[in-house]
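In: no FASTA, just this:
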C-alpha cells in the first residue's frame with residue numbers, strides 16, 4: 001500500500017495532518033500518520049498520546065493500551081494517559097485492572113470527590 005501521503009513532509013507538517021484527520025474523526029488515517037511520527041520522536045508525549053487516542057477511537061484497543069503504557073511508564077503522573085489507560089482497559093472488559101488507573105487519574109487531576 002502506498003503511504004507516501006501519510007509520510008510526506010516535515011514532522012510538524014505530519015503532526016498537523018494527523019490532527020486534521022483526528023479532528024475529522026478519521027482516526028485510522030490519523031494513526032497511520034502518527035505511527036511513523038512516534039517512531040521518529042519517541043520521547044514526545046503529544047504525538048504518542050494522540051496516537052493512543054486514535055487507536056482507542058478506531059477500536060484498536062491493544063495498540064492503544066501499548067502506547068498508553070509507554071506514556072505512563074515514562075511519566076507516571078500524566079493523568080490523562082492514566083485516564084485513557086483505565087478507559088481502554090474497561091472497554092476490553094478488564095474493569096479490575098482499570099480501577100487503579102482511573103482512581104490515580106482522578107487523584108492526579110485533583111478530583112478527590114470521585115475517590
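Out: That came through fine. Since we're looking at a predicted model, the values are computed, not measured. Residues are numbered from 1 along each chain as shown.

In: okay, the residue most central in space within the chain: pLDDT?
Out: A centroid search over the chain (Cα atoms, centre = their mean) returns residue 52, at 2.0 Å, as the residue closest to the centre. We have a pLDDT of 98 for residue 52.

In: next one: residue 8
Out: Reading off the confidence values, residue 8 has pLDDT 83.

In: show me the shaky parts of this protein.
Out: 1-5, 112-115 (pLDDT under 70).

In: nearest spatial neighbour of the residue nearest to the centre of the chain, skipping sequence neighbours?
Out: residue 67 (3.9 Å; Cβ to Cβ, 6 or more residues apart in numbering). The C-beta positions use only the backbone N, C-alpha and C, and glycine is treated the same way.

In: give the next helix or strand downstream of the helix or strand containing that neighbour.
Out: Residue 67 belongs to helix 61-74 when assigned by DSSP states H and E. Note on helix 61-74: by DSSP H and E, the next helix or strand toward the C-terminus is helix 79-91.

In: who are the packing partners of that following helix?
Out: helix 45-57, helix 61-74, helix 95-109 (3 or more Cβ pairs under 8 Å, 6 or more residues apart in numbering; DSSP states H and E).
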